[in-house]
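# What would the 3D arrangement of this be:
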Amino acid sequence: YVLLGSSLTTLIWFGVRQGETLSPEYKRPFSASTILNGFAEVAKNKICLLSTLMAGFVLGAFYSFLMSSPQIFEDLFGITDSFPYYFAILALCAGSATLVNAKMVMKWGIRKLCKIALIFKLIVSFAMLVILLNTPSVSLMAFMIWACIIFAAQGGILFGNFNAMAMEPVGHLAGIAAAFVATLSTGLGVTLGTLIGQIYDDTIIPLVISFIIAATLSLILLSIVSSNKYNTV
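Numbering: from 1, shown residues only. Next comes the predicted model:
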């Protein structure tokens, strides 16, 4: 009922408040060839493609957390009935970071902000890995601090900004480009998240390592995108 109500509310609000964003000169006929040609054009855009891959890496690590979190909270910390409250704290961190992101991205720019978020996520995750490798167990407080930072960086800053970066050079193909970005990033994210989730070993070490790898790969791709030498592959 909550999902149905929120969907209807969003639909009505969107219909009333959001006008058509596509300029009339970019309007194309609805046909299979138009869609296929549009997908090909979007896929050849280097900035769009690499930004979409970055979004996929971010989603992959995030999905691995979602798949592993019930076992982590229950098996490692003995949290069962109160699990939703802990997860709500993490969601609040992501939501709060989204509000902060709106101001920071105007001040620093989208690429610089993403770079800072990735580096910060790497530092925090490396610190957590060192703790895990040198102590028999990690405290719930330490885990929650790490998870709150990760959720803020992932959900509040990186994913939305990577999507915006992917759409920036292909605005004239807004609908097709959005479908391409969503399909590729979500498909990559679900695949990586499932693979990482399967290697859960009663510790959070695989999870932390997955965030380190995802952040490293994203930083490499971000450096290529930031060079901005070429628009197409």
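# CA only for contacts and neighbour counts going forward, please
Will do.
# Endpoints of stretch 192-209, how far apart?
Using CA to CA, to the nearest Å, the end-to-end distance of stretch 192-209 comes to 13 Å.
# what comes into contact with that stretch?
Residues from elsewhere that reach stretch 192-209, judged by CA atoms under 8 Å, 6 or more residues apart in numbering: 57, 59-65, 67-68, 71-72, 75-76, 125, 128-129, 132, 210.
# For that stretch, the averaged confidence score.
Computed over stretch 192-209, the mean pLDDT rounds to 87.
# before we move on, what about stretch 61-78?
The average of the pLDDT scores along stretch 61-78 is 87.
# so of the contacts of stretch 192-209, which ones are in helices?
Using DSSP state H, 57, 59-65, 67-68, 71, 125, 128-129, 132, 210 are the members of the contacts of stretch 192-209 that sit in helices.
# Any quick PyMOL command for the buried ones out of the contacts of stretch 192-209?
In PyMOL, this line selects whichever of the contacts of stretch 192-209 come out buried by 16 or more other CA atoms under 10 Å:
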select buried, resi 57+59+60+61+62+63+64+65+67+68+71+72+76+125+128+129+132+210
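# Can you give the distance from the lowest-mean-pLDDT helix or strand in the chain to the centre of its chain?
None of the helices or strands of the chain scores lower by mean pLDDT, DSSP states H and E than helix 32-43, at a mean of 87. Distance, stretch centre to chain centre, for helix 32-43: 25 Å (CA atoms, centre = their mean, to the nearest Å).
# what do you get for stretch 123-137?
The gap between where stretch 123-137 is centred and where its chain is centred comes out at 23 Å by CA atoms, centre = their mean.
# got a list of contacts for that stretch?
Under the contact criterion CA under 8 Å, 6+ apart, stretch 123-137 has outside partners Val138, Trp146, Ile149, Ile205, Val208, Ile209, Phe211, Ile212.
# pLDDT on it, on average?
For stretch 123-137, mean pLDDT is 90.
# Which of the contacts of stretch 123-137 sits closest to Val170?
Minimum distance to Val170 across those is 28.8 Å, recorded for Phe211 (CA to CA).
# check contacts around the closest one.
By CA under 8 Å, 6+ apart, the contact list for Phe211 reads Ala61, Lys121, Leu122, Ser125.
# ok, the third one - how many residues close by?
When neighbours are defined as other CA atoms under 10 Å, Leu122 has 22 of them.
# what about it, which helix or strand?
For Leu122, the element it lies in under DSSP states H and E is helix 110-134.
# isn't Ala97 right up against Ile157?
Yes. Between Ala97 and Ile157 there is a contact under CA atoms under 8 Å: 6.6 Å.
# Mind checking which of those two has more residues around it?
Using other CA under 10 Å, the more surrounded residue of Ala97 and Ile157 is Ile157, with 26 against 20.
# looking at it, the more buried one is touching Thr98, isn't it?
Yes. Contact criterion CA under 8 Å: Ile157 and Thr98 qualify, at 6.2 Å.
# Alright, I will stop here.
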